[in-house]
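Trainee: here's my sequence, what's the structure:
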Amino acid sequence: MSAWNQAAEIRAFCQAALARTDSAPLPAGEAEWLQWAEAYAARLDPLHHALVTPPDPPAKREVLRELAKVDVYAYPWPFDADGRWALPQEQSPDSNS
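Mentor: Numbers count the residues shown, from 1 in each chain. Predicted structure coming up:
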């Protein structure tokens, strides 16, 4: 959203700069600057390319532990070292003998 808003503000500024000249020639260098600013706004604008969902951030043990607020001694920690869900293997009934 911030990139889209910034692109819109840059375009509005460029239009205002052009409107103030009242069809008079632009001062030296100003036309090039306005052209650069319009190109910059186009690069910033996220609507000029396909929108994609950003990747999920990795789950850190410390963050998840704070969110879970569970007794880690009573319940086994369900995440591996990379933050992936990995329940411990349940013991089969035959292994209890």
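Trainee: how far away is the residue most central in space within the chain from Ala3?
Mentor: Within the chain, the residue whose C-alpha comes closest to the C-alpha centroid is Pro54; the distance, by C-alpha atoms, centre = their mean, is 6.0 Å. Pro54 is 13 Å from Ala3, where distance means C-beta to C-beta, to the nearest Å. All C-beta atoms are positioned from the backbone trio N, CA, C, and that covers glycine.
Trainee: ok, now which ones touch the residue nearest to the centre of the chain?
Mentor: Neighbour list for Pro54: empty [criterion: C-beta atoms under 8 Å, 6 or more residues apart in numbering].
Trainee: quick one: secondary structure of it?
Mentor: When classified by DSSP: H, G, I helix; E, B strand; the rest coil, Pro54 comes out as coil.
Trainee: distance of Arg20 relative to Val63?
Mentor: Here the distance between Arg20 and Val63 works out to 51 Å (C-beta to C-beta).
Trainee: which neighbouring elements make contact with the helix ranked longest in the chain?
Mentor: Among the elements of the chain assigned as helix by DSSP state H, the one spanning the most residues is helix 2-19. Taking 3 or more C-beta pairs under 8 Å, 6 or more residues apart in numbering; DSSP states H and E as contact, the helices and strands that helix 2-19 lies on are helix 30-44.
Trainee: perfect, that will be all.
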